[in-house]
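Trainee: Here is a sequence with its predicted model. Questions after.
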Amino acid sequence: MESGCATQTSWSVAAVCSAATAVSPVPESVPPREAWRLAEDYARDHPKCEVLVGSGDSMLPLYRDRTVLVVERVAMAEWRMGMTVIFVGESGWPVAHTLLDKTPRGWRTMGVGNRAPDRTTVRSDNYIGTVVKAFAPALRDG
């Protein structure tokens, strides 16, 4: 899967896309039946990791719907702009978005394909983990 960014009208969206593709792991394109197995194999060898499946298009073009993500808790002191983190959003559901910048209230985030930052900031109390590996089920032709 290419990690290039689609043409955007907002410079901030382009900056987020550029930072995310530089810091967040680019997904490996694998046969659909292999994505979960490969992620579990990786997590088994890295005990602090867990496996999740992404849903939605907010992280396109980096992560498309159903990308299998391996997530690890990383100390907040190690966070950098462009990392993709999983956190509990305002709806109460997990969200996978890219770190923008650190504020006094927490880290601001944004989906690579979104046009505006999230309203929820990421803090230690809503942080789930950081994406360390990704497997995208290969698209089938026809």
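Mentor: On my side now, so go ahead.

Trainee: Could you pull out the buried residues of stretch 122-137?
Mentor: 122, 126-137 (16 or more other Cβ atoms under 10 Å). Placement of C-beta: from N, CA and C, glycine included.

Trainee: now, which of those residues sits nearest residue 40?
Mentor: The closest of those to residue 40 turns out to be residue 135 (Cβ to Cβ; 10.1 Å).

Trainee: What is the neighbour count of residue 25?
Mentor: 19 (other Cβ atoms under 10 Å).

Trainee: Now do the contacts for residue 23.
Mentor: 80-83 (Cβ atoms under 8 Å, 6 or more residues apart in numbering).

Trainee: Equivalent analysis for residue 52, please.
Mentor: By Cβ under 8 Å, 6+ apart, the neighbours of residue 52 are 68-69, 71, 86, 94, 96.

Trainee: Next, work out how far apart the most centrally placed residue in the chain and residue 31 are.
Mentor: Ranked by distance to the mean C-alpha position of the chain (Cα atoms, centre = their mean), the top residue is residue 84 at 3.7 Å. When distance is defined by Cβ to Cβ, to the nearest Å, residue 84 is 23 Å away from residue 31.

Trainee: Residue 108 too?
Mentor: Counting by Cβ to Cβ - residue 108 and residue 31 are separated by 37 Å.

Trainee: Alright, I will stop here.
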